Every structure is written in structure tokens, then in C-alpha cells.
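Asker: Provided below for reference: sequence and predicted model.
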Amino acid sequence: MTNFVDVCALNDINKDTGVCALVNGKQVAIFRPAATDELFAVGNFDPIGKANVLSRGLISDIKGQLTVASPLYKQHYVLADGSCLEEDVSIPTYSVKIENDRVLVAA
Amino acid sequence: MSAAQNIVVIGNGMVGHKFLESLVAIDDSKQYNITVLCEEPRAAYDRVYLSSYFTGKTAEDLSLVSEGFFENNNIDIKLNCKAESIDRSAKTVATSTNETISYDKLVLATGSYPFVPPVPGHDRDNCPVYRTIEDLEAIKESAKGSKVGVVVGGGLLGLEAAKALHDLGLETHVVEFAPRLMAVQVDEAGGTLLRTKIEELGVKVHTGKNTQNITDGDQCFHKMEFADGESLETDVILFSAGIRPQDAIARESEIELGPRGGISINDHCQTSDPDVYAIGECALWGGMIYGLVAPGYNMAKVVAQHISGTGTDTFEGADMSTKLKLMGVDVASIGDCHARTEGALSYSYNDEVNQVYKKIVVSADKKLLLGAVMIGDADDYGNLLQLALNGIELPANPEALILPAMDGMEKPALGTDALPDTAQICSCNDISKGAICCSVQEGAHTIGDVKAATTAGTACGGCAPLVTQVMNAELANLGVEVNTDICEHFAYTRQDLYNIIKIEGIKSFKALLEKHGTGHGCEICKPLAGSILASVWNEYVLDDKHIGLQDTNDIYLGNMQKDGTYSVVPRMPGGEVTPEGLIEIGKVAKDYGLYTKLTGGQRVDLFGAQLHQLPEIWKRLIDAGFETGHAYGKSLRTVKSCVGSTWCRFGVDDSVGLAIELENRYKGVRGPHKIKFAVSGCTRECAEAQSKDVGVIATEKGWNLYVCGNGGMKPRHTDLLAQDLDKETLIKYIDRFLMFYVKTGDRLQRTSVWMDNLEGGLDYLKEVVLEDKLGLASELEAQMEALVDTYQCEWKTTIESPERLKRFSHFINADEKDDNIKFVEERGQIRPASEDERLKNVDLIAVS
Ligand code: SRM
Ligand SMILES: Cc1cc2nc3c(=O)[nH]c(=O)nc-3n(C[C@H](O)[C@H](O)[C@H](O)COP(=O)(O)OP(=O)(O)OC[C@H]3O[C@@H](n4cnc5c(N)ncnc54)[C@H](O)[C@@H]3O)c2cc1C
Ligand code: SF4
Ligand code: FES
């Protein structure tokens, strides 16, 4: 069973930006793209820049895939599966859902 | 047509699989009954990228088998099935699963195995090798609970394995028998530099070490004893001491081998038995075993043609040049890099400061390039390889090929036009210049299209710069305009978008995208639109509709540092500051433990602030009368000043006073890139105004206005735009000049580059700014006036809005801090801890 944790109100996340939540000791970056009604949750750690910063990256549509561009060195990570478009690394992805305007994450 | 032929392939490695692909691509596979014996538990995968298994790739990611490949082509693949013996007279193969399979044609693609030197103790536990996914599993297992790892062998694969151990968190050593690393591909000077670089990354290198015995260690699991009497303790020993061809099954069936192993083949890749072929790393051609995939792929194609009778290609040897990134260090080697050819001469360039080493080897008459070595910077690889492979005559000064470009001495560009159509551009996939040009003619106009059409550049990627050059040259030949769109979402230049936003009165990115763009925007067009919207309408940049557009630095109004902390730079117009101001900055820095430094822009920078501290810090600075310094924005940075006539005995006018006035006027104005000013009080020019976007120098007759200078990456001195101005005219001209740049500059184009690209150059700029040739002057002035009037300190606005402050906390749902931020003390202040210091966990300062 996946255990969803309530992290914040939907409106705490500005459209087209991300926030970072602490879920079971893990740093989870949650994004709210303007393009969809969906949220995405991935690891906050940038494996190239080696810092917990991905939630502060820009949401980027690259050839139809929604990604986050690392704020440090601009690699793109696909929000849906955590793969990196430029380098041989990837980041974890987590389940996230919206219920009654609250954001719930399982990590 | 005769009955279907039985084809048996032993080995489903990279080359064996390429053979299957080539064969079914040529012909209707129904003509053959193909059986593949695969000793490994899984079908072919990409061994070249094996290391990425440690960085998150899965076995599926690495798989080379396209969906339904075996089923659709009627290929019987037997996994976990080893070929045990061949009966050549009965034409059958016996397998480990007790089957006997008949063949008409047999293809041996058994590859090679890692050589483990027969040192006593080599078979102890925790002594893995590096060749298969199972090996990597074993390495992971041994690394658990281990502290130290040694790689035996400092060749290409050994260094890759060392990176893997290092990434697994082990203290890593490389032990090499030869006196230097990568002795085959790299010369002595190159090897020395490579060693320095690798040691800097924290891997210890021991060369000239002959391991004689491995026994129990005292602190670690093993102890390695060397011939020179020294020893080294380690928990894991990874052998990477070379590869040996997997030729046992051929030997046992009396197929001819080379004197030192390897299955001998002719130009059609046939062994001594014409119905048996050998390809890939088990094959020996012309006395050579090729330990790279590209030659193996060629052999695979040759055999597919030969068996199907559809072609006459032969295997003619292969080039062993290589370019790779080892532990982040560029390493490349081409041809005769050791200058062994008779009469060969070499040139070398060794830059110890930037740690770059390059050498070229040329023929005695200096006309041909024979070989090259590059460490630290391999950007020239593609060009040099083409010169060597195609025997293109060298320029009169071959040394210029490796010397850095200096002023006035351009690098001799190898126009791709000089290459013959047959020149191989992508060696991994054997794609010629002609094929790339063809795809361009057929409509592939972006690098992505060319890759898709030809597969050039899709394997190691090393040829990508050259593929781009060939494509661009061909586009130019065809008279096709090279794409100037800012990104995939907007088919416009920055200047177009500026005009659209202004003329149509567009106020948000959403509206711009809906009307003029496609998709959802990216990290190129979003900040660009954000910046234009700010230049034109000057709304608060963190407004709900603009916030998602801002680059990381703008969104938190500070520059992100390497560890995710931020810097704080209060504005200090003209570099002037009161003692009270300095004391207040000092207090803030002290209270928050921030690293404090004077910048090159005459102000103070405080580093190491965490997200949640930024609002508190800025509140205190603003209370003390400071404003944001926009150190993060593509906007006015600083107006530097010299002390000027108020104090200096030579000063002609009040440079500090003017600098402060200018800085206060233009602060917050956003443009295509950052903008810097300086004002000097006399021609001695202590403020270095002639290297700024806008420089002003006082003379007896008034102010001189200089524009379009640059320090930074490519310095440019300013041009004198106007002379002997009174202050009012000076400001009017600067207003016009800046607005004209904001309106017409390209994305991330400083005024220097903008000027160099401005048609008509300085004379034209004078006509626009001084003579109002375009009739724009009053509009430009009015726009600037509007920007000046709507200025706000973004930090002030931000701290006054509780809603905005929510985002300034590391976690949205917790007060905890980012535990990855760690500092150590240096010269009495903090600095980010290095990776090594974090691992060792000593002297780390608790982060508050
Ligand atoms: C802090 C400072 C270095 C220092 O400790 O002295 C600095 C720090 C950075 N500079 Fe600089 N530059 C600093 C003065 C300069 C100067 C000197 C000057 O302004 O007189 C130059 C050369 C002058 C010029 O720009 O023409 C300079 C030329 C650059 C360049 C190259 C620009 C170019 O056109 O070639 C970059 C890269 C860029 O902007 O793309 C850069 C980029 C950077 C960045 C933003 C790099 C980055 O992305 O992280 C650094 C941000 C550090 C931070 O967080 O604050 N910095 N940088 C200086 C801040 C001045 C200030 O008070 O605002
Ligand atoms: C870590 C690593 C990095 C590399 N990097 C590069 C690089 O950057 N560039 C480059 O060009 N090359 C590189 N190589 C080399 C490249 O992987 C090889 O050249 C290539 O894999 C050779 O293909 P092959 O099919 O001949 O052999 P393999 O890929 O080894 O395949 C042989 C297969 O045959 C099987 N087999 C053997 N005997 C039998 C039998 N009797 N019955 C059934 N099956 C059998 C084996 O189990 C194996 O699966 C690298 C290799 C490694 C290990
Ligand atoms: S010169 Fe380079 S390292 Fe130094 S501050 Fe500027 S950008 Fe950073
Ligand atoms: S040379 Fe490796 S992809 Fe082209």
C-alpha cells in the first residue's frame, strides 16, 4: 500500500513553479505545470550539481515532454519518469495527487 | 530458390546482434532458420554504456533489442545456453542444454573475456571483473560494507571502473604495471597530466607497480604485495588488466587461431573453414584484434552481405582513434600518437595552468597529420581526425591547429568543404559526409532531423560538432537560411518578440504563447519573455503571472551558489557607502555567519544564505536603507566610480556624484543581458570606464560618453559615442542608447556583441542616438522615463507580502533545513564543504 502524506494546499504552489516537501525523510520536488492540471513529484536532489535544488528549476517543455531544468547547470529531467535528457543520470519519481485542493505525496 | 539455410550465431553480444539486424534488414528473413546461442541470461545490451548501470540505468534501458525483434524475424534465441563444441564435418553445434543444432553457416561472435593476471590470491572473494551486468551486480555486492577499492589496470576500461568504485563511495586506487596511465593511447606527457587530473578527483594512482601476491589484510579484506616491497590494503580488487579473445570453442574444433590467440579471418570475415565466420572481439584480422564496437559492426555488415550474397563489401581494418570522457576528463588519441612513423615530427602544447595538453604528429614533410593526443580539451578531435583520415594537406603552420586562438591569429578552420564526400564523419555508425549532405538536401534542416535521418551522432556523440558543421555548410550551399528561432516554442527572434509584445500590448506569457507560440515554453523562452515584459511594462517580477518565467536567480532574488545557498548583494550606488551602512552589513553578515567578500563591482557580497534566511536578511538590510543590487538580474549591475574631483587632486568633475545619479536612474532596468557602467573623473580612468557597456569620463569641456565595452570572456574596448556633453544631454543620450539596445539586442547579447553585429556599426548608432535618424528618440526617452518612474525595490515589495514569503523556505511542509548544506571554515569564514570533506565528515560547521 502506498501511503499518501498531505503536504500543502494546492494554492501553496504557484502555477508553473515547484516547491520542495519533506516526505518520510525524503526531499520531494513537486511541480505544478501551467500546461496541465496534473502535479508531478520527483527527487529534489540534482545528481549533477549535487545539491537539493530541483524544486527551484524552471518547468520546460522539450519536444512535448514536460521537464524541469536544473537551476545549476540546466540539464533537463523528465517530470513523468525522472530521466535526464542530456546526461546518463536519473532522479526518482513519486506518486502525487490532489484531493479537496490538498496535495498528497507518497514517497 | 533453394531451401531455407540454417544459420547459427554463437554469442548475442553487441556485434552478434548487429549481425542479426543487418541480415534481416537486407533480406526477407524467412529464407533462413536463424538460431542464436546466448550464454548470458539476457539478450544483447549496450556494453559501451555499461557504467551507466551504476548511475541509474536498468538492464532494460541498456537493451539493444527492439520490441518483437526475435519473434517478428523468426529468430530462435536460446538464453542461458552456451555452445560447447562444434562438429565441423557434421556441421552441428552442441550446447550446454544438450541440444545439437545443424548449421549451413556458422557465425562466431563470442567476444572476449577480461584477463585476470595469475597472481597468487587472484581468486579470493571480492575480486570482480568488469564486463557484464552480472559483474556489475557482483561489484555492487562487494562494495557493500567496504571502504577501499583497487582497480588493477590503468587503461581505458580500468579508469572507467575506477570511476564506478569512486561513485560507490569507496576510497579508490588504480594500480598500473606500466609507468603511466593509458599507455596504449596516450604519450608520456599526456599520461602525466591525466594522472594529475584524476588524482585531483580523489582517485589515487600507483604506476609501475607489479602485484606479486594477494593475501589477508590487517585493516582491510585484502593486502596486495608489490614487487618493489610495498603493499596496499583494500577490500575490493577489480581486475581490468586487458581482454582476451573468447576463442576456446574454435581452438577445440581446429579452426585456425593467431599465434597469440584470436580467430583468424579473411576480408570476408571467414575463418579457415569457409562456412564458419568470426566477427567482433573474438576475431583476428591482419594480426589485430579490435577492442571497439565500430570495427565489429563493420564486420557484422560484411558477413551479412556475404552470406546473403547481396554485396561485396570487405573488411579493410579500422581506425582505432578514440575520444572519451574519463571521470569527466576529455581524453582523445588519434592514429600514430607515439610518433613511431619514420621521420615523424611532433608539436606539443602543454598548459599547466588550465591543465590542457595537446600534441600532433606530422609527416617528415609536415604535409600530413599522422596522429594526435589531447587531454583536458578534446574539442579539436573531429577536425584533426578528418585531417588524418582523409590525408588533407596541412596549413603552413600546423602548430596553429593546437594552439589556443590568440588575438589576430585565427585558428585555421578546417572548412568541411575541404572534405571529400566519402569522408567518414561519424565513425560509430559509419556515416559519410555525403550521406549527411544528402539528408540535408532531402529536408533535414536541424541537427535532430539529421540524426534521425542518418543515425550520425547517435552513438558516442563525439562527432556531433562536426555533423553540425557539415549540416550548416550544406544549408549555406543550398541557400537555406540558418534557423534563428529562439527555441522550439517561438519561431521568432528576441527582437520580433519585443515588437509583438509592445505593439500588441501583450502582458503575460500565457497570452504570448497562445497567440504566437506552440507547446508550453521552456527555460529559454520563459525568462526571455519575462525580461521583455519587464522591459516594456515593468510589473513586479514575482507577480503570479510572471513568477513561473523567472530564472532561478530572479525567482528568489539572489544568485544561487553551487550548494543551493544564495548570495546577497545590496546596492551600493557608485561604490559609496557610509560607515553606518558598512557596520550594518557587517552585523548582518556576522549574525547569519555569511562569507563576506568585496566584489569586482565595488560592493559587498554575502554568501551562504539559505532560502529561509533571505527575507530576514533583506528585511534588516532594507531597514538600514539598502536596496536590492540586482546581482541576479539581466539588468543594471553597478556603476563603478573613481574618487573624482571631490577628493582627488587631478579630478576634473564629480565622478562619484554622477555615478550615483546614473545608478539610481537605471537600477532595475531589464535588458537582453546585464548592463554595467563606470564613471571616471579624469583621463587617468581609474574606474575603467572604457571596458563597460556605458562609460563616462570627465574632461575640462564636459563628459565624454563611451559605449559597448566588455570585460569578461571576450574583452572589448568601448567606442566614443559623443564628446563634451553637459549632464542633461549625457543622460538623454544614455536613455536613447540603452532603450535602443533593450529593444533590438538578442537574447544574452551584451552591448559589445550587439555593436559588432550592428549593421552600419558606430556610425549608424551615432545617427540613431545623436541625430535621431529613425525618428525614435522621443519614444525611447519616454519609455526610459516610464521605467524609471515605475521602479520598485523587488526585495522591499517581497518582504512586505506575506503570501510571497511562503516560498522562501526550503520545505513547504516543514521547518527543517536542507541537511545537504555543509560548510567548513577557511581563513576565519565559512565556505561550502568539498565532496571529500562531506564524506569524511570532519570539521563541518553546523548550519543554523
Ligand atoms: C561576485 C562577482 C565576483 C566577485 O566576487 O568580484 C561576480 C560573480 C559572478 N559573475 Fe561576474 N562577477 C563579478 C564581477 C564581474 C566583472 C567585473 C565588473 O563588473 O567590473 C566582470 C567583467 C566585466 C564585464 O561584465 O564586462 C564579470 C564578468 C562575468 C561574466 C562574463 C560576461 C561577458 O560578457 O563575457 C559572467 C558570465 C555571464 O554573465 O554570462 C559572469 C557571471 C557571474 C556569475 C553570475 C556566475 C554565475 O552564474 O554564478 C557570478 C555570480 C556570483 C554571485 O552569486 O554573486 N561574470 N563579472 C562580481 C560581482 C560584481 C557585482 O558587484 O555585481
Ligand atoms: C565497460 C566497457 C566499456 C566499453 N566502452 C567502449 C567504448 O567506449 N567504445 C567502444 O568502441 N567499445 C567499448 N567497449 C568494448 C565493446 O563493448 C566491445 O567491443 C563489444 O561489446 C564487442 O562486441 P562482441 O559482440 O564482439 O562481444 P561481446 O559484446 O562481449 O559479446 C559476446 C557474447 O558472446 C557470449 N558468448 C561467448 N562465448 C559463448 C558461447 N560459447 N556460447 C554462447 N555465447 C557465448 C558472451 O557471453 C557475450 O554475451 C567497452 C567494453 C566494456 C566492457
Ligand atoms: S570569474 Fe568566474 S568564478 Fe569568478 S566570480 Fe566570475 S564567474 Fe565566478
Ligand atoms: S562518432 Fe560516435 S556517434 Fe558519431
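Answerer: Yep, that arrived. Numbering: from 1, shown residues only, chains lettered A, B, ... in the order given. Ligands and ions are numbered 1, 2, ... in the order given.

Asker: please count neighbours and contacts with C-alpha atoms only from this point.
Answerer: Will do.

Asker: can you tell me if the helix or strand of chain B with the lowest mean pLDDT touches chain A.
Answerer: For chain B, scoring each helix and strand by mean pLDDT, DSSP states H and E identifies strand B:322-326 as the least confident one, at a mean of 79. No - for strand B:322-326, no contact with chain A is found by CA under 8 Å from any CA of the partner chain; the gap never falls below 12.3 Å.

Asker: now residue 16. Nearest residue, chain neighbours left out?
Answerer: Looking at chain A here, since you left the chain open. A:Pro33 (4.3 Å; CA to CA, 6 or more residues apart in numbering or on different chains).

Asker: sorry, should have said chain B
Answerer: B:Ala109 (5.1 Å).

Asker: can you pull the pLDDT of the one you found?
Answerer: B:Ala109 is assigned 98 on the pLDDT scale.

Asker: could you do the one 5 residues further on as well?
Answerer: On the pLDDT scale, B:Pro114 is placed at 94.

Asker: what residues are up against the residue nearest to B:Gly16?
Answerer: B:9-13, B:15-16, B:278-282 (CA atoms under 8 Å, 6 or more residues apart in numbering or on different chains).

Asker: switch the cut-off to 7 Å
Answerer: B:9-11, B:15-16, B:278-280, B:282 (CA atoms under 7 Å, 6 or more residues apart in numbering or on different chains).

Asker: try B:Pro128
Answerer: B:135, B:138-139, B:237-239.

Asker: just the ones of those in helices?
Answerer: B:135, B:138-139 (DSSP state H).

Asker: ok, for the closest residue to ligand 2 within chain A, nearest residue in space, not its chain neighbours?
Answerer: Of all residues in chain A, the one sitting closest to ligand 2 is A:Asp88 (13.8 Å; CA to the nearest ligand atom). Once flanking residues are discounted, A:Asp88 sits nearest to B:Ser52: 6.2 Å by CA to CA, 6+ apart.

Asker: these two touch, right, A:Ala35 and B:Cys522?
Answerer: No - at 11.5 Å, A:Ala35 and B:Cys522 do not qualify as touching, with contact defined as CA atoms under 7 Å.

Asker: between those two, which one's more packed in?
Answerer: B:Cys522 (23 against 15; other CA atoms under 10 Å in any protein chain shown).

Asker: right, and that one touches A:Ile59 too?
Answerer: Yes - B:Cys522 lies in contact with A:Ile59 (CA under 7 Å); the separation is 6.5 Å.

Asker: so how far is B:Asp313 from the closest residue in space to B:Asp430 that isn't next to it in sequence?
Answerer: The shortest distance from B:Asp430 to any non-neighbouring residue, by CA to CA, 6+ apart, is to B:Gln424 (6.3 Å). According to CA to CA, to the nearest Å, B:Gln424 stands 16 Å off from B:Asp313.

Asker: more neighbours: which of these two?
Answerer: Per other CA under 10 Å, whichever of B:Gln424 and B:Asp313 has more neighbours is B:Gln424, with 20 against 16.

Asker: contacts only, for A:Ala9.
Answerer: Here A:Ala9 is in contact with A:101-103 (criterion: CA under 7 Å, 6+ apart).

Asker: most neighbours among those, which one is it?
Answerer: A:Val103 (21 neighbours).

Asker: and the helix or strand where that one lies, what other elements does it pack with?
Answerer: Per DSSP states H and E, A:Val103 falls inside strand A:102-106. On a contact count with 3 or more CA pairs under 7 Å, 6 or more residues apart in numbering or on different chains; DSSP states H and E, strand A:102-106 meets strand A:5-9, strand A:93-99.

Asker: okay, the lengthiest helix in chain B in CSV with CA atoms only?
Answerer: Taking DSSP H as the criterion, chain B has its longest helix at helix B:727-744. Taking Å, rounded to 0.1, in the frame of the first residue of the first chain, the C-alpha atoms of helix B:727-744 are listed here in CSV:
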residue,chain,number,x,y,z
LYS,B,727,24.9,66.3,-17.8
GLU,B,728,21.4,66.7,-19.3
THR,B,729,22.4,65.8,-22.8
LEU,B,730,24.5,62.9,-21.5
ILE,B,731,21.5,61.4,-19.7
LYS,B,732,19.4,61.9,-22.8
TYR,B,733,21.8,60.1,-25.0
ILE,B,734,22.2,57.2,-22.4
ASP,B,735,18.4,56.9,-22.3
ARG,B,736,18.2,56.5,-26.0
PHE,B,737,21.2,54.2,-26.3
LEU,B,738,20.0,51.9,-23.6
MET,B,739,16.4,51.6,-24.8
PHE,B,740,17.6,51.0,-28.4
TYR,B,741,19.7,48.1,-27.1
VAL,B,742,16.9,46.8,-24.9
LYS,B,743,14.7,46.9,-28.0
THR,B,744,17.0,45.3,-30.5
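
Asker: and for the very next helix or strand once past that helix, what's in contact with it?
Answerer: Sequence-wise, the next helix or strand downstream of helix B:727-744 (DSSP H and E) is helix B:751-757. Applying CA under 7 Å, 6+ apart, the contact partners of helix B:751-757 are B:693, B:708-710, B:716, B:745, B:761.

Asker: nearest to ligand 1 among the residues you listed?
Answerer: Of the contacts of helix B:751-757, the one sitting nearest to ligand 1 (CA to the nearest ligand atom) turns out to be B:Asn710, at 3.8 Å.

Asker: the closest one: neighbour count?
Answerer: Neighbour tally, B:Asn710, other CA under 10 Å: 23.

Asker: do B:Asn559 as well
Answerer: Neighbours around B:Asn559, by other CA under 10 Å: 21.

Asker: what residues are bridge-paired with it?
Answerer: Under DSSP bridges, the beta-bridge partners of B:Asn559 are B:Ser567.

Asker: now do the contacts for it.
Answerer: Counting by CA under 7 Å, 6+ apart, B:Asn559 has contacts B:553, B:566-567, B:632.

Asker: next one: B:Phe177
Answerer: Contacts of B:Phe177 by CA under 7 Å, 6+ apart are B:207-210.

Asker: which residues of the stretch 701-848 of chain B score low on pLDDT?
Answerer: B:846, B:848 (pLDDT under 70).

Asker: can you check chain A too?
Answerer: A:1-2.

Asker: near chain B, which residues of it are found?
Answerer: Within chain A, the positions lying close to chain B (CA under 7 Å from any CA of the partner chain) are A:7-8, A:14-17, A:19-22, A:35, A:51-53, A:56-62, A:64, A:69, A:71-72, A:88-90.

Asker: what helices and strands are in contact with the strand or helix carrying B:Tyr349?
Answerer: Per DSSP H and E, B:Tyr349 falls inside strand B:345-351. If you count contacts as 3+ CA pairs under 7 Å, 6+ apart, strand B:345-351 packs onto strand B:356-362.

Asker: and the residue most central in space within chain B, its phi and psi?
Answerer: In chain B, the centroid-proximal residue (CA atoms, centre = their mean) is B:Gly328; its distance is 9.1 Å. Torsion angles at B:Gly328 (phi, psi; degrees, to the nearest 10) stand at phi 80, psi 0.

Asker: list the contacts of the closest residue to ligand 1 within chain A.
Answerer: Per CA to the nearest ligand atom, A:Leu72 is where chain A lies closest to ligand 1, at 8.4 Å. Residues near A:Leu72 by CA under 7 Å, 6+ apart: A:49, B:562.

Asker: closest point of the stretch 51-200 of chain B to chain A, which residue?
Answerer: Distances between the stretch 51-200 of chain B and chain A by CA to the nearest CA are smallest at B:Thr55, namely 5.5 Å.
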